[in-house]
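Peer 1: just a sequence and a predicted model for now, questions to come.
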Amino acid sequence: MDTSLSTASNIATDAFPINGTDYIEFYVGNAKQSAIYYQAAFGYRLVAYKGPETGSRDLVSYVLQQGKIRLVLTAALSPDHEVAKHVAKHGDGVKTLALWVDNAVESYNIALQRGAESAFEPITVEDDNGVIKMAGIKTYGTTVHTIVERSAYSGAFMPGYEARESVYPVDEVGLKYVDHCVGNVELGDMNKWVKFYQDVLGFKLLITFDDKDISTKYTALMSKVVSNGNGYIKFPINEPAKGLKKSQIEEYLDFYHGAGVQHIAVATDNIIETVTKLRNKGVDFLYVPEVYYETVLDRVGEIEEDLEELKKLNILIDRDEEGYLLQIFTKPVQDRPTVFYEIIQRKGAQSFGKGNFKALFEAIEREQALRGTL
């Protein structure tokens, strides 16, 4: 089966309006040090904090922001706290993909009526800056969608946090917003979770990739992409496929000990400038051999950027019916080979770089071989 777009599923209607990604929360072993890493390496600014000084006796959280991207880094102050147990099992990783909505209670109730499992019931938190309402539903693995209503709040993040500014001299790198978030699930679970997003949230099936689209000599995977109506939320869901050796999805599942968020794609308006800054700050990227660039323009056609500059930075190129895109992938950003980032610039293209899959996955396999897990 070739890559295919779904037509029947496009009649799906959002269960409730989603305005975008509100925040992404990581559970980490050391939030203070993680916050410095994201400020120093990725150019995020510290905007809010909670901890013992603000009345939080068991958790510490640092809120970082760049453009419309908001990261929350949370660590436990006790080894028997659920956050500490989560990190002990999974390593540093994404716990929450928060969705920004107009009415949190109504959205939560609709999700439950359509088959969602509750992560936590609606709560209201308030301070002098206003009110935020939230509720949570479960998705793959231990990942949670927190549904956030913040129209009546004007503070730095939410009640319980105090505004903070970076002491570290932050140099932003041009990251604008979350383009998509990719989940890895166990073999046989991809369709289950695609159906969850269709049935519960009313998402449409955007595109399907099978093991012929995403494969190398040794490994393969399958993927389906779901999206809400306005396209602000896009969730590719991956599962492993049979191959001669252990795929990147299997490696992720082994090290993360279950399903979870594999990578976060963040958009920029100038990928050359952004990647140059990131490389200068020490961010490690996957390497694609120079031979990739010998024929890439035969495949993608004319582009505005200087190919030599893209080659120097190891940025990949792909094209669809609506334009082209530029993308590059970091190596994992924690000790376990789990979560990594994609930097993407869309020049009209709405796809996900199918033409780069083989080169990308061979690059990942080279890293797997170095780790002894291929």
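Peer 2: Okay, I see it. Quick caveat, the model's predicted, so the values are computed rather than measured.
Peer 1: what about the stretch 151-300 of the chain, any weak spots by pLDDT?
Peer 2: Scanning the stretch 151-300 of the chain for pLDDT under 70 picks out 210-220, 244-245.
Peer 1: excluding sequence neighbours, find me the nearest residue to Thr268.
Peer 2: Nearest non-adjacent residue to Thr268, counting by CB to CB, 6 or more residues apart in numbering: Thr274, 4.2 Å away. In short, each C-beta sits where N, CA and C put it, glycine included.
Peer 1: which residues does that neighbour contact?
Peer 2: Thr274 sits next to 173-175, 268, 343, 345 when contact means CB atoms under 8 Å, 6 or more residues apart in numbering.
Peer 1: restricted to helices, list the residues you listed.
Peer 2: Using DSSP state H, the subset of the contacts of Thr274 located in helices is empty.
Peer 1: and the furthest pair within those?
Peer 2: Farthest-apart pair in the contacts of Thr274 is Val173 and Gln345; separation 12.6 Å (CB to CB).
Peer 1: okay, and the common contacts of these two?
Peer 2: The overlap between the contact sets of Val173 and Gln345 (CB under 8 Å, 6+ apart) consists of 268, 274.
Peer 1: kindly export stretch 166-184 (C-alpha atoms) in PDB.
Peer 2: The C-alpha coordinates for stretch 166-184 follow below in PDB (Å, rounded to 0.1, in the frame of the first residue of the first chain):
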ATOM      1  CA  SER A 166      16.000  34.300  32.800                       C
ATOM      2  CA  VAL A 167      19.100  35.100  34.600                       C
ATOM      3  CA  TYR A 168      21.000  33.200  31.900                       C
ATOM      4  CA  PRO A 169      21.600  35.500  28.900                       C
ATOM      5  CA  VAL A 170      19.100  34.000  26.400                       C
ATOM      6  CA  ASP A 171      19.600  34.300  22.700                       C
ATOM      7  CA  GLU A 172      16.400  33.100  21.000                       C
ATOM      8  CA  VAL A 173      16.900  31.000  17.800                       C
ATOM      9  CA  GLY A 174      13.700  31.800  15.900                       C
ATOM     10  CA  LEU A 175      11.400  29.000  17.000                       C
ATOM     11  CA  LYS A 176       7.700  30.000  16.400                       C
ATOM     12  CA  TYR A 177       5.200  27.300  17.300                       C
ATOM     13  CA  VAL A 178       4.600  23.500  17.600                       C
ATOM     14  CA  ASP A 179       4.100  22.100  14.100                       C
ATOM     15  CA  HIS A 180       3.300  18.500  15.200                       C
ATOM     16  CA  CYS A 181       4.000  16.000  18.000                       C
ATOM     17  CA  VAL A 182       4.800  12.300  17.200                       C
ATOM     18  CA  GLY A 183       3.800   9.400  19.400                       C
ATOM     19  CA  ASN A 184       5.300   5.900  19.400                       C
END
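Peer 1: what pLDDT does the model give Leu112?
Peer 2: pLDDT, Leu112: 98.
Peer 1: surely it is in contact with Ala135?
Peer 2: No - contact status for Leu112 versus Ala135: not in contact, 9.2 Å apart, counting by CB atoms under 8 Å.
Peer 1: give me the common contacts of those two.
Peer 2: Common neighbours of Leu112 and Ala135 (CB under 8 Å, 6+ apart) are Ser118.
Peer 1: between these two, who's got more neighbours?
Peer 2: A direct count of neighbours by other CB atoms under 10 Å for Leu112 and Ala135 places Ala135 higher, at 24 against 15.
Peer 1: who's in contact with the more buried one?
Peer 2: Ala135 touches 104-105, 107-108, 118, 120-123, 146-147, counting by CB under 8 Å, 6+ apart.
Peer 1: give the helix, strand or coil label for the residue nearest the centre of the chain.
Peer 2: The centroid of the chain falls nearest to Ile264 when counting by CA atoms, centre = their mean (2.3 Å). Put simply, Ile264 is strand when judged by DSSP: H, G, I helix; E, B strand; the rest coil.
Peer 1: same question for Phe329.
Peer 2: Taking three-state DSSP, the label given to Phe329 is strand.
Peer 1: where do the strands sit along the stretch 101-250 of the chain?
Peer 2: 118-127, 130-138, 144-149, 162-163, 175-184, 204-209, 220-227, 234-241 (DSSP state E, counting those that start in this stretch).
Peer 1: list the buried residues of the first one.
Peer 2: Residues of strand 118-127 classed as buried under the neighbour-count rule (16 or more other CB atoms under 10 Å) are 119, 122.
Peer 1: what angle separates that strand from strand 130-138?
Peer 2: Put simply, strand 118-127 runs at 170 degrees to strand 130-138, going by axes from the mean of the first three to the mean of the last three CA atoms, to 10 degrees.
Peer 1: got it, and the third one?
Peer 2: For the pair strand 144-149 and strand 130-138, the angle between their directions (the same axes, to 10 degrees) equals 150 degrees.
Peer 1: quick one: average pLDDT of strand 144-149?
Peer 2: On average, strand 144-149 scores 98.
Peer 1: hmm, Asp189 is touching Gly141, no?
Peer 2: No - using CB under 8 Å, Asp189 is not in contact with Gly141, being 9.6 Å away.
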